[in-house]
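**Student:** Below is the sequence, then the predicted model.
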Number of protein chains: 2
Amino acid sequence: MTPTDFRSGCPINLGLEVFGDKWTLLVIRDIMFAGKRHYREFLASDEGISSNILADRLAMLVERGILTRAEDPGHKLKAIYSLTQKGIDLLPIIAQISRWSRTHMPVDPALAATGEARDRAGPAAVEAQMAALRAIHLGNDA
Amino acid sequence: MTPTDFRSGCPINLGLEVFGDKWTLLVIRDIMFAGKRHYREFLASDEGISSNILADRLAMLVERGILTRAEDPGHKLKAIYSLTQKGIDLLPIIAQISRWSRTHMPVDPALAATGEARDRAGPAAVEAQMAALRAIHLGNDA
DNA sequence: CTCCATGCTTGTAAAATGCAAGTGATTGCT
DNA sequence: AGCAATCACTTGCATTTTACAAGCATGGAG
């Protein structure tokens, strides 16, 4: 995890080296907005991620400290994925991507609704959503 | 460019289908912050993009309406790339990626400076930077 | 007229992705 | 107890994308 592992120390580049692909942020989207916590749930995404790619991305996200993986108490086969603070901090990026696409791409109106509501509610809505994720994933009640 | 060309109509997905790779946003970064306008300039990025990948991405960005390509008047071999409004609207995404990396990744302090300044200046700084880009790339003096 | 810079192509090897099937452990059902 | 379904992944292989190095046609400068 030293700087020399990366192509450059540019902030934009470092972000892209972590989530600069077609799938990583979709996994984050699903855990953030669809409440998915299990492998099978992620696998059933609208976009049809392959099982090997999903396994690879989940392992990478855990290794990079964006997700954690825990066993489901009382169900040894089930793994539960949770967001870390580092993962929750991706929300503003995702919110901006949503905004750009809703302005410039042919989005499905039904899928655009939550983003539109967030934009209408102003910047505090992102903070509120992050606080809610902290409560769920980090157990913070603050 | 109909919705059926894409894996799904989800705003996050649609954004990733356009710039969800390791290179596209670096090209945008270079035209936005380093003032690069020519192929050879993009080719000389810190991260070392390959010439064929660069050609592919530039063509894609033009086709998608994020960049335009024009001949340099008085120098027929030179092509000048400019941002469209759609391209300028990517700035808030890039600003958020920068912010996340500066919080969570081992960024080069020298390269973090402009992002830190932007954050210190508050949300209006992003608007101001977008206005400056409009002046340069769209010829808007407003 | 020569030499260099221009924006790309081309060829080929390596890596990532996509797809279908399979795996071993566990759980719920009867 | 038995047995099928469910769980989180692996594995093998075809296809696509990327990386690296070299080359190319044209325009401009001296």
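**Tutor:** That came in fine, so what should we check first?

**Student:** What does the pLDDT read for the residue nearest the centre of chain A?
**Tutor:** When chain A is reduced to its mean C-alpha position, the nearest residue by C-alpha atoms, centre = their mean turns out to be A:Ile28, at 1.7 Å. If you check A:Ile28, the pLDDT there is 98.

**Student:** What parts of chain A come near DNA strand C?
**Tutor:** Taking C-beta under 7 Å from any atom of the strand as the criterion, chain A approaches DNA strand C at residues A:21-23, A:48-53, A:56, A:75-77. No exception for glycine: its C-beta is placed from N, CA and C like everyone else's.

**Student:** Return only those of these found close to DNA strand D.
**Tutor:** Counting by C-beta under 7 Å from any atom of the strand, the members of these that reach DNA strand D are A:51-52, A:77.

**Student:** Give me the buried stretch members for stretch A:22-34, please.
**Tutor:** Going by neighbour count (16 or more other C-beta atoms under 10 Å in any protein chain shown), the buried part of stretch A:22-34 is A:23-33.

**Student:** try stretch A:72-90
**Tutor:** In stretch A:72-90, residues buried by neighbour count (16+ other C-beta under 10 Å) are A:81-90.

**Student:** Just these: which are in strands?
**Tutor:** Assignment to strands by DSSP state E places the following of the buried residues of stretch A:72-90 there: A:81-83.

**Student:** of those residues, closest to DNA strand D?
**Tutor:** When those are ranked by distance to DNA strand D (C-beta to the nearest atom of the strand), A:Tyr81 comes first, at 7.5 Å.

**Student:** can I assume that closest one is in contact with A:Glu41?
**Tutor:** No - with contacts counted by C-beta atoms under 8 Å, A:Tyr81 stays clear of A:Glu41, the gap being 9.3 Å.

**Student:** Where does pLDDT dip in chain A?
**Tutor:** A:1-4, A:142 (pLDDT under 70).

**Student:** What segments of it are helices?
**Tutor:** Listed in chain order, the helices of chain A (DSSP state H) span residues A:11-19, A:24-33, A:39-43, A:51-63, A:85-88, A:91-104, A:109-121, A:124-133.

**Student:** looking at those helices, which is buried most?
**Tutor:** Per-stretch averages of neighbours, counted by mean count of other C-beta atoms under 10 Å in any protein chain shown, single out helix A:11-19 among those, with a mean of 24.

**Student:** Next, work out how far apart the spatially closest residue to A:Glu71 that is not a sequence neighbour and A:Leu54 are.
**Tutor:** With sequence-adjacent residues excluded and distances taken as C-beta to C-beta, 6 or more residues apart in numbering or on different chains, A:Glu71 is closest to A:Ala79, at 6.4 Å. The spacing between A:Ala79 and A:Leu54, counted by C-beta to C-beta, to the nearest Å, is 12 Å.

**Student:** which residues are in contact with both of the two?
**Tutor:** Common contact partners of A:Ala79 and A:Leu54 (C-beta atoms under 8 Å, 6 or more residues apart in numbering or on different chains): A:Tyr39.

**Student:** Spell out which residues of chain A are next to DNA strand D.
**Tutor:** Counting by C-beta under 7 Å from any atom of the strand, the residues of chain A that sit close to DNA strand D are A:38-40, A:51-52, A:55, A:58, A:69, A:77-79.

**Student:** if we can go back for a sec, these two touch, right, the residue nearest to the centre of chain A and A:Ile94?
**Tutor:** Yes - using C-beta under 8 Å, A:Ile28 and A:Ile94 qualify as a contacting pair, with a distance of 6.7 Å.
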